[in-house]
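**Student:** need a structure here:
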Amino acid sequence: MNVKEFVRESLVNYQFDGLRNPEGECGCILDDLAPCDNMSETCLGGFKSNCAVCSDEECELYGYAKNNGFDFLMMSERCRQYESSSK
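**Tutor:** So this is what the prediction gives:
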C-alpha cells in the first residue's frame, strides 16, 4: 500500500469526502485524490460542499465559489445548506 492509498483508506474510514489545505486554496475529492501529486503535511480531511446546487446568496463561501468558478469547495464541516437541499 502506498501513501496515497493509505490516505484514501483513512479518509474513507473517517467518512471524509476528500482533502483540503487550510493554508492554500486547494482541495480534492476521493475520486481524484491529490491530482497535484504533492500532498502536504498541512492537508486535512474535508467535506464536499456542492456550491453549484446551493443558492444561498448569504453564504460567504457560496459567493467565493461562484466568483471563482468553482462547482464545489472542500470544507472543515458539512455544509448544512447543501445537506438539507440534497435530501
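**Student:** C-alpha from now on. contacts and neighbour counts both.
**Tutor:** OK.
**Student:** Could you check how many residues crowd around residue 47?
**Tutor:** Applying other Cα atoms under 10 Å, we find 22 residues neighbouring residue 47.
**Student:** Double-check that it belongs to a helix.
**Tutor:** No: counting by DSSP: H, G, I helix; E, B strand; the rest coil, residue 47 is not part of a helix but strand.
**Student:** need the contact list for it.
**Tutor:** For residue 47, the contact set (Cα atoms under 8 Å, 6 or more residues apart in numbering) comprises 16, 17, 18, 19, 74, 75, 76, 77, 78.
**Student:** Next: residue 37.
**Tutor:** Per Cα under 8 Å, 6+ apart, neighbours of residue 37: none.
**Student:** let's see 10 Å
**Tutor:** Residue 37 sits next to residue 4 when contact means Cα atoms under 10 Å, 6 or more residues apart in numbering.
**Student:** The most centrally placed residue in the chain pairs with what?
**Tutor:** The residue lying closest to the centre of the chain (Cα atoms, centre = their mean) is residue 74, at 2.0 Å. For residue 74, the beta-bridge partners under DSSP bridges are residue 48.
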